[in-house]
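S.K.: take a look and give me a structure for this.
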Amino acid sequence: MTDTAARSTFPETMTGGDHAYAELRSRIMSGQYAPNTVLRAQALAEEFGLSRTPLREALRRLAETGLVQYEPNKGATVIGYTAEQMAETYFVRAALESRAAGLAAPRIVDADIKLLTDRIEQMEPLTVASDEVDTVELGRLNSEFHAHIVEVSGSLQLKTLLRSVSQAPMMVRNFRSYGSEFRRRSNHHHRDIVTALQTGDALWAEVAMRSHILAARNAAMQVPSTPTPGD
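M.R.: Coordinates of the predicted model:
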C-alpha cells in the first residue's frame, strides 16, 4: 500500500438540488427520518433555500432509490419494511458488498485504511451510548464506513446498485433495539473487515463482509418490522 490520499465518498461540488438530495438521503439512511415520516416539499424547499422544482426532483430521486414513496404536489413518505423485505435487502447487500470488499482488497491504500479505522474508533464510544442522538450518529458513521469500501472497489456498477438498497435505517433500528452488545459485536466485525482488506486478500475480505452483513440480518429479523416514528 502507498500513502495516496483517501478517496472522497462524496463529490466536492453540488447543485442546490444535489445538496438537498444528499442531505435528505443522509437523514433517511442515518435513521433521523424514521419509516412513515412525511417529507413536505414546501417546508423542505424553505429549509434548503430552494424553489420547489429542485426539491421535488430530489424527492423523485429518493423514490427511484426506494427510500421514499413520492406523490407529486404532496411530498414523500419514508418507506418502511416488512420482515420479508428486510431479509431480502440484507441478502442483496451481502452479495453486493462482499463483492465490493473483494475488489477493494487489492486496491486499498494506507489513507483508506486510516479513514476506515478512524470511523471504527469514532463508533466505539457510541456502542455504549443510549440516547437517540448518539444512535443516529452511530448509524451515520456505519454508513460512511460501508460506503467508503464500495468507493474503493472502483466499481461504478456496484455503487449504482447499492444506492437502491436501503441499509442504514435498518442498522439504526438494530443499534437502538439491541443496545451495546449488538453494537460492540458489529464494530468488532468492522475491525475484522479492515484487517482482511489490509492484507490484500480478496477472498478473506469478501467472507468477512458477508459474515458481518448476514449477522446483522439475523439480528434484524428479531426487530419488529413496522416501527413507528417515535420508537
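S.K.: what about Val150, how many neighbours?
M.R.: The local packing of Val150 (other Cβ atoms under 10 Å) involves 22 other residues. Any C-beta I mention is one placed from the backbone N, CA and C, and that applies to glycine too.
S.K.: break the chain down into its structural domains.
M.R.: Following the assignment in automatic domain parsing, the chain carries domains at 16-78, 83-220.
S.K.: how about CSV for these, with mean pLDDT added?
M.R.: CSV is the format used below for the domains of the chain (pLDDT from 0 to 100):
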stretch, mean pLDDT
domain 16-78, 86
domain 83-220, 88
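S.K.: what helices or strands is the helix or strand where Glu206 lies leaning on?
M.R.: Element membership for Glu206, per DSSP states H and E: helix 202-220. Contact analysis of helix 202-220 by 3 or more Cβ pairs under 8 Å, 6 or more residues apart in numbering; DSSP states H and E lists helix 83-104, helix 168-199 as its packing neighbours.
S.K.: so what's the gap between stretch 23-36 and the chain middle?
M.R.: Stretch 23-36 sits 10 Å away from the centroid of its parent chain (Cα atoms, centre = their mean, to the nearest Å).
S.K.: find the centremost residue of this protein, please.
M.R.: Ser143 (3.3 Å; Cα atoms, centre = their mean).
S.K.: tell me the spacing between it and Gln32.
M.R.: Ser143 is 12 Å from Gln32, where distance means Cβ to Cβ, to the nearest Å.
S.K.: spit out the residues that contact those two alike.
M.R.: The contact sets of Ser143 and Gln32 overlap at Ser26 (Cβ atoms under 8 Å, 6 or more residues apart in numbering).
S.K.: mind listing what's buried in the helix or strand hosting the residue nearest to the centre of the chain?
M.R.: For Ser143, the element it lies in under DSSP H and E is helix 132-153. For helix 132-153, a neighbour-count test (16 or more other Cβ atoms under 10 Å) marks 135-153 as buried.
S.K.: tilt between that helix and helix 83-104?
M.R.: Taking axes from the mean of the first three to the mean of the last three Cα atoms, to 10 degrees, one finds helix 132-153 and helix 83-104 inclined to each other by 50 degrees.
S.K.: good, wrapping up.
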